[in-house]
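**Q** what follows is a predicted protein model with its sequence.
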Amino acid sequence: MFIAKVSLDRNVIGSIDRLVSINEVERSIANEEAFEEIGTSKLHQNHLDIFPETAGLTISKQHAGAPQKLGGMLIREIPDQVVNRQSRWVSFSTLMSPNRGGKPMIMDVIAKTGMTSEAFVQKYLVEGYMQMFEQISLKQGVNFEPHSQNLCFELTHDLRPTGNWIIRDFGGVWPDIYTMIKNGGPVEAYLKTGNAEKFKLAGGHSNAFASYAFFYKRQVFDMILTEIAKHDS
């Protein structure tokens with residue numbers, strides 16, 4: 001099974017459109033190659049999994065009546081263990097959504113562990129996340145945008161946390177090529193003509209810290225603590 005990420009000829013905020021650009025398609029497929037080079041086994045050792053983005057389509061030919069800007073499409077696969085309900089990959093926007101009615105799902109997850117909210121946050125959202133982040137970003141050089149839609153948490157079917165993290169949307173993965181070279185990371189996926197601009201390689205070395213502070217700290221950690229505090233002071 002798969003999800004098709006398609007282009008929409010609409011602007012959402014000012015000049016920001018919902019087109020899947022040629023650069024995004026190319027980046028996504030290259031980032032998929034990088035994850036494949038790292039290998040599923042090593043990702044799992046570091047408590048990380050992915051929604052593979054294994055195919056992309058771009059349109060460069062102009063058609064009569066076509067929009068001024070043309071977008072492409074990406075295919076994002078849903079792994080078998082999710083389709084077969086062996087595990088649940090739940091986004092943080094779902095976990096902390098106040099629109100669920102009653103308590104947000106994160107409170108049910110904490111209850112299943114038998115832990116206090118404080119102990120849960122320390123084990124999973126601080127220590128667990130930082131261990132994965134250190135290995136994947138600071139050592140492998142793979143920097144991603146862990147906001148509440150792109151970052152998911154793996155649960156068993158009865159809502160018990162496994163401690164594994166899932167990322168999706170490889171258009172927002174920015175490689176730190178210096179760290180990759182230093183530590184034997186998946187460099188080959190990015191050594192193609194024109195990729196220095198497409199992947200913003202010049203700024204890649206600082207992306208990990210910007211990603212952590214702007215996305216995980218502000219848009220996941222702080223926000224989910226706010227929701228937990230509403231139900232457990």
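**A** Thanks, I have the structure now.

**Q** right, and residue 173 touches residue 146 too?
**A** No. At 10.7 Å, residue 173 does not count as touching residue 146 under the criterion of C-beta atoms under 8 Å. Any C-beta I mention is one placed from the backbone N, CA and C, and that applies to glycine too.

**Q** shared neighbours, these two?
**A** Shared contacts of residue 173 and residue 146 (C-beta atoms under 8 Å, 6 or more residues apart in numbering): residue 167.

**Q** need the nearest residue in space to residue 23, chain neighbours excluded.
**A** Using C-beta to C-beta, 6 or more residues apart in numbering and skipping residues adjacent in sequence, the residue nearest residue 23 is residue 198, 5.0 Å away.

**Q** swap that for residue 225, sorry
**A** Per C-beta to C-beta, 6+ apart, closest to residue 225 is residue 121, 6.9 Å.

**Q** check the residue sitting furthest away from the middle of the chain and give its pLDDT.
**A** For the chain, the largest distance from the centre (C-alpha atoms, centre = their mean) belongs to residue 64, which lies 36.6 Å off. We have a pLDDT of 74 for residue 64.

**Q** helix or strand for it, which one?
**A** Using DSSP states H and E, residue 64 falls within no helix or strand.

**Q** may I ask which helix or strand of the chain has the lowest mean pLDDT?
**A** In the chain, no helix or strand scores lower on mean pLDDT, DSSP states H and E than helix 195-198, which sits at a mean of 68.

**Q** need the pLDDT of the residue most central in space within the chain.
**A** Centroid-nearest residue in the chain, with C-alpha atoms, centre = their mean: residue 167, separated by 2.9 Å. Residue 167 is assigned 96 on the pLDDT scale.

**Q** now swap in residue 205 and tell me
**A** 66.

**Q** same question for the one 10 residues further on.
**A** The confidence metric pLDDT takes the value 95 at residue 215.
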